[in-house]
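> predicted coordinates and the sequence they were generated for:
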Amino acid sequence: MQLAAGIVVAFFGLFLIGLAALCVFRRPAAERFLSGFAASAKAHFTEHTIRFIVGAAFIVSSPSTIFPPLFLIFGWVLVVTSAILLVLPWRWHREYAKWAVPMVLRRLRLFAFGSLALGAFILYGLSRFFQP
């Protein structure tokens, strides 16, 4: 179970690094991807289900990381916020996305830097997890 959780967290870190690269090198594709959040009920539920799973993986893998308290807290933040958003009407999320996504798109390079930094931090934090 812990190995599977570590793999999920590693994929999330790699996803963030890939998202950063997409924002820098393929801006139109990044804009389409980010604009798709909460575009439909299916997208909303898919996003928050994945966030919930990733959050649970952070919680399970946290004891074996370099920063157990940070990974544990981050995992719980993802799980709790995802659970709340899963029970709220998805249209509320869509309205929030209509406000937030344009701000992110205006600062896409800064967003890319944050995504890259967080992804690298996650992979670094996992480096102890995958040592024999």
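Yep, that arrived. Numbering: from 1, shown residues only.

> show me where the protein dips below the pLDDT cut-off.
132 (pLDDT under 70).

> for residue 82, what are its contacts?
By C-beta atoms under 8 Å, 6 or more residues apart in numbering, residue 82 lies in contact with 48-49, 51-52, 55. The C-beta positions use only the backbone N, C-alpha and C, and glycine is treated the same way.

> show me where this structure has strands.
Assigned by DSSP state E, the strands in the chain number zero.

> can you verify my assumption that residue 43 contacts residue 34?
No: Residue 43 is beyond contact range of residue 34, at 11.6 Å (criterion: C-beta atoms under 8 Å).

> the more surrounded of these two?
Neighbour count, other C-beta atoms under 10 Å: between residue 43 and residue 34, residue 34 has more, with 19 against 16.

> so what's the residue count around the residue lying closest to that one once chain neighbours are set aside?
Nearest non-adjacent residue to residue 34, counting by C-beta to C-beta, 6 or more residues apart in numbering: residue 101, 5.6 Å away. Using other C-beta under 10 Å, residue 101 is surrounded by 17 other residues.

> residue contacts, the spatially closest residue to residue 55 that is not a sequence neighbour?
Leaving aside its chain neighbours, residue 55 sits nearest to residue 78 (2.9 Å; criterion: C-beta to C-beta, 6+ apart). Counting by C-beta under 8 Å, 6+ apart, residue 78 touches 51-52, 54-55, 58.
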